[in-house]
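Visitor: predicted coordinates and the sequence they were generated for:
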Amino acid sequence: MSTLPPLTAMRAFEAVARHLSFTKAAEELGMTQAAVSYQIKILEERVGAPLFLRKPRQIALSETGARLAPDVTQAFDILRNAFADSRGLVDGMLSITSVPTFASHWLAANIGLFQLANPEMAVRVESSTHLVDFGAEEFDVGIRATSKPQDGMVWHLLLKAEFAPMLSPKLVEEYQVREPADLLRVPQITPDDPWLCAWLDLAGVSMPLTPDRPFSRLGAQNLEVAAAIAGRGMAMVTPAFYGDEVAGGRLVQPFDITGWDGHGYYLVYPEARRNSPKIRAFRDWIIPATAGLRGE
């Protein structure tokens, strides 16, 4: 079974055959003219015949070289096109991983505006609490909820994860919620939520012991809000996400007091990729687009 000649030698032959010049081929390949000549010599030894006819001030393909050149050129064209297509697919697809709350309450409603501004780019969004490894998984950017930025990553604050109690208008009336202490009578969707204790402390209300009876834990703001809208209890959530629900009368934030424990929603991506055109385009869009969430 015969083996292929060295790729470097074939690249040199393809370039010289295309330019009919060792000098121009060397410039294109970033090699010296002597190095190109050496690679052609290796290939001629492998083929067993000269590939070029050396004439005064010019060269020409030999009969063997003329038979070989079209197939070699076609092979390199196929490779160039394959890599160009792959590069185009990579550059033309923005893959985003986002925590579910941000994905469902802001990104899903607004990502279409990014695509209108960048019609040449497709977007893939995955909503997950999984912490993506950008070095091992095919995502370009992430939106994470954290208080501790990770080394080697670029972080842009999109929204402080402030918190406040929210509930349905029906429960506000049923439990006569007029002051913060009245919330202690309202069923709590997640009784051991640390945000609840922190908020009550801000409001000057002593938090009673967490009941020892079994209770459900939904684990995500979007699920807790769905339960609150259904009248199942009070949820501790980030008010900036739920303006539409409040405006539509489905939710009430009965008090203006908001707490913050240092957590925020951040746009993140690897430091090494900060100048990627598609990442730069998304960054330049989402930071001003979320300015209202930050009260700017």
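Guide: Structure's in. What do you need? Numbering: from 1, shown residues only.

Visitor: contacts, neighbours, all on C-alpha from now
Guide: Will do.

Visitor: farthest from the middle of this structure: give me that residue.
Guide: Largest separation from the mean C-alpha position in the chain: P56, at 57.7 Å (Cα atoms, centre = their mean).

Visitor: ramachandran angles for it?
Guide: Dihedral pair for P56: phi -60, psi 120, per degrees, to the nearest 10.

Visitor: and it, how far from K41?
Guide: 19 Å (Cα to Cα, to the nearest Å).

Visitor: what ranges do the helices span in the stretch 101-250 of the chain?
Guide: For the stretch 101-250 of the chain, the helices defined by DSSP state H, counting those that start in this stretch cover 108-117, 169-174, 194-202, 221-229, 243-247.

Visitor: winner for burial among those helices?
Guide: Of all the helices of the stretch 101-250 of the chain, helix 221-229 has the most neighbours on average by mean count of other Cα atoms under 10 Å, namely a mean of 20.

Visitor: could you work out the end-to-end span of stretch 17-27 for me?
Guide: First-to-last residue span, stretch 17-27, Cα to Cα: 14 Å.

Visitor: show me what counts as buried in it.
Guide: Neighbour-count burial for stretch 17-27, with 16 or more other Cα atoms under 10 Å as criterion, is recorded at A17, L20, S21, F22, T23, A25, A26.

Visitor: can you name the residues bridging to L159?
Guide: When assigned by DSSP bridges, L159 has beta-bridge partners Y265.

Visitor: was I right about it contacting Y266?
Guide: Yes - here L159 reaches Y266: they are 7.1 Å apart, a contact under Cα atoms under 8 Å.

Visitor: what pLDDT does the closest residue to R46 other than its chain neighbours get?
Guide: Distances taken as Cα to Cα, 6 or more residues apart in numbering place P5 nearest to R46, at 7.1 Å, with adjacent residues excluded. At P5, the pLDDT value in this model is 85.

Visitor: start at 45 instead
Guide: With 45 as the first residue, the last one maps to P49.

Visitor: what's around P49, how many residues?
Guide: The local packing of P49 (other Cα atoms under 10 Å) involves 12 other residues.

Visitor: that one in helix, strand or coil?
Guide: Using DSSP: H, G, I helix; E, B strand; the rest coil, the secondary structure recorded for P49 is coil.

Visitor: let me know whether it touches K85 as I believe.
Guide: No - P49 is beyond contact range of K85, at 11.6 Å (criterion: Cα under 8 Å).
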